[in-house]
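>>> Got a predicted structure plus its sequence, pasted below:
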Amino acid sequence: MATRTENLMDWLRDAYAMEQQAETMLKGQSSRLEHYPLLKARIDQHLEETLGQQAQVKACIERLGESTSVAKELLGKVAAVGQAAGGALMTDEVVKGAVASYAFENTEAGLYTVIIEAASIAGDLETKQVCEAILKEELAMAQWLFEHLPAVTRAFMERSETPGETARR
């Protein structure tokens, strides 16, 4: 049986590992995007947000007298590298990467929603406020991706039909 604080801590560690996974994925996407400057710029912006989110979540964990989970961090990084490697092999990498990013942002938003409620129940208002701010950034990125998926798809299809053009990145 776990206490409220133990559950909160477990989810904070999950969030920290997800932010590390997001960092790896975003860096990989950004480094490979060649022909989609608007998408690259937004990914780079969210990468900076992600680095800040990592630091904020880690600070919450440390303020509660705990440390991050090396095992969860490692698993998150391995998953991100695997996803990046798989994406690099696809002929429609930019489209599938945007869809995967949209899904990932929504997964992060779900986890932060859980943490906000858990922090509230555990009486940790500082963690609640930190995660509410992070949730807004995750939802904003998910919304941006959702709104731009049609444009990314259109640009990909146009480039893929143009002789001599590279569409995948």
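Ah, there it is.
>>> From the centroid of the protein, which residue is nearest?
The structure's the chain has its C-alpha centroid closest to Ala22; by CA atoms, centre = their mean the separation is 3.8 Å.
>>> ok, now how distant is that residue from Gly123?
The span separating Ala22 from Gly123 equals 28 Å under the rule CB to CB, to the nearest Å. Just so you know, the C-beta spots here come from the backbone N, C-alpha and C atoms, and that holds for glycine as well.
>>> ok, back up a step: does the residue nearest to the centre of the chain really touch Thr107, like I thought?
No. Because the distance of 9.9 Å does not satisfy CB atoms under 8 Å, Ala22 is recorded as not touching Thr107.
>>> okay, now Glu132: neighbour count?
15 (other CB atoms under 10 Å).
>>> what's it in contact with, if anything?
Applying CB atoms under 8 Å, 6 or more residues apart in numbering to Glu132 gives the contacts 112, 116.
>>> what about it, distance to Glu105?
For Glu132, the distance to Glu105 equals 16 Å [CB to CB].
>>> repeat for Tyr36
When distances are taken as CB to CB, Tyr36 and Glu105 turn out to be 17 Å apart.
>>> Can you show me the strands along the protein?
Taking DSSP state E to define them, one finds no strands in the chain.
>>> So, low pLDDT: which residues of it?
Under the criterion of pLDDT under 70, the regions of the chain flagged as low confidence span 69-90, 163-169.
>>> go again using 80 as the cut-off
69-91, 162-169 (pLDDT under 80).
>>> need the longest helix for this protein.
Determined from DSSP state H, the single longest helix within the chain is helix 125-161.
>>> Could you export stretch 37-51 as PDB, CA atoms only?
Extracted in PDB, the C-alpha atoms of stretch 37-51 (Å, rounded to 0.1, in the frame of the first residue of the first chain):
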ATOM      1  CA  PRO A  37      11.000  25.600 -41.000                       C
ATOM      2  CA  LEU A  38       7.800  26.400 -39.100                       C
ATOM      3  CA  LEU A  39       7.600  22.900 -37.600                       C
ATOM      4  CA  LYS A  40      11.300  23.000 -36.700                       C
ATOM      5  CA  ALA A  41      11.000  26.400 -35.000                       C
ATOM      6  CA  ARG A  42       8.000  25.200 -32.900                       C
ATOM      7  CA  ILE A  43       9.900  22.000 -32.000                       C
ATOM      8  CA  ASP A  44      12.900  24.000 -31.000                       C
ATOM      9  CA  GLN A  45      10.700  26.300 -28.900                       C
ATOM     10  CA  HIS A  46       9.200  23.300 -27.200                       C
ATOM     11  CA  LEU A  47      12.600  21.800 -26.600                       C
ATOM     12  CA  GLU A  48      13.500  24.900 -24.600                       C
ATOM     13  CA  GLU A  49      10.200  24.500 -22.600                       C
ATOM     14  CA  THR A  50      11.000  20.800 -22.100                       C
ATOM     15  CA  LEU A  51      14.400  21.600 -20.600                       C
END
